[in-house]
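> What follows is a predicted protein model with its sequence.
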Amino acid sequence: TVSAFRVIGENGATRGDTEFAAQYLDLNGHTLTYADTNIRWFGMYNPNTTVKIFDGTLINKAAIVDSNGAFCIMTQGNLILEDLVYRDNTTHTYTQSSKALRISGPASVTMNNVDMQINTKNNTKNGIISSSGTLTINNSTIAVSETGKATQGGMMTIDGGTTTINNSTLYGGAAANGGMIYMNGKSTHLIVNSGTLAGGTATGCGGNIYMVDGANLQIKGGVIKDGTAANGGNIYAAVVGTNTGDAYQTDIVMTGGTVTGGSSVNLGGNFYINGTLNVSGDAHITGGTKNGAASSTGRIQPSTVTCA
């Protein structure tokens, strides 16, 4: 059982209670259990370096995790998580910003062959937040086990920066909007090259993906399926608030992959779109339902729908 690691930046920050000076942590097949309270497990603050944690299992059993998550990468630095199993066994009430991973740009996190399970039971926030950072998910699995009901992004919120999914499986998540992933703003990009995104649930809009105010989605391969919502079973893309006009329209470019099996109560079984959807190449949109009837896409004005 370990307490916490920190990487100290040039400003001499002393968050955490065990200094982690090395640039890699080889678990050598062992399991580390984190059971401290009110301290994140791993934090990087302004270090212009790359840290790699690999080959083992991390178990989070903390009674309280602070607002920046068990892993917190702030401002600068690069974190590589590789050949890891992460289990979040906490069931406490948690209402802060993220539970497992927080990235603040221009920092970056790369996940290679990571099996991450996030338990959001009793929680109103999500598991991962990327704010203007770079997140690359390779050959990995991220699943939300017992779900609470996040306000947005039951698994992940992307607020600026680029997130790329390669040959990975993302499953589950529940929220009012963006059951799995919530994307906000013109500088936000999600690229799905391959893999599967499935099983997100929203009481409002966007079962698997919710896009708003100019967010950009590129689907080059893989499958996005089986999302459920009141509107936009798999993907909801629209302009909200005071940001109107072409500059804030959401853009979806689909040159490959499949979007299928989405289900909505009201509008847009697979898509609810107010923006542009460009489909070309070997791309497939099939099998969506709305209100029990076949419906692949919808193109409607956001003023006609009120999201939760």
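It's in.
> how far away is Asn78 from Val279?
35 Å (Cβ to Cβ, to the nearest Å). For glycine as for every other residue, the C-beta is placed from the backbone atoms N, C-alpha and C.
> now swap in Ile137 and tell me
With the distance defined as Cβ to Cβ, Ile137 ends up 24 Å from Val279.
> of these two, who's got more company?
Ile137 (25 against 15; other Cβ atoms under 10 Å).
> got a list of what that one touches?
The contact partners of Ile137, taken as Cβ atoms under 8 Å, 6 or more residues apart in numbering, are 111, 114, 163-166, 168, 170.
> let's go with 7 Å and repeat that
111, 164-166, 168 (Cβ atoms under 7 Å, 6 or more residues apart in numbering).
> what does Lys220 give?
Applying Cβ under 7 Å, 6+ apart, the residues near Lys220 are 191-193, 255-257.
> again with Lys225
Residues near Lys225 by Cβ under 7 Å, 6+ apart: 198, 234, 260-261.
> Pull up the gap between it and Gly207, please.
Taking Cβ to Cβ, one finds Lys225 at 10 Å from Gly207.
> any idea of the mean pLDDT for the helix or strand that contains Ile137?
Per DSSP states H and E: Ile137 is located in strand 133-138. Averaged over strand 133-138, pLDDT sits at 94.
> quick one on the thing from earlier: look up the residues that both of Lys225 and Gly207 are in contact with.
What both Lys225 and Gly207 touch, as defined by Cβ under 7 Å, 6+ apart, is the set Asn234.
> Now stretch 281-289: average pLDDT?
Per-residue scores along stretch 281-289 average to 86.
> can you dump the C-alpha coordinates of that stretch into CSV?
C-alpha atoms of stretch 281-289 as CSV (Å, rounded to 0.1, in the frame of the first residue of the first chain):
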residue,chain,number,x,y,z
GLY,A,281,-15.4,6.7,-48.1
ASP,A,282,-16.2,3.5,-46.4
ALA,A,283,-18.6,5.0,-43.8
HIS,A,284,-21.9,3.4,-42.6
ILE,A,285,-24.9,4.7,-40.6
THR,A,286,-27.4,2.0,-39.8
GLY,A,287,-30.0,0.8,-37.4
GLY,A,288,-31.0,3.8,-35.3
THR,A,289,-34.4,4.1,-33.7
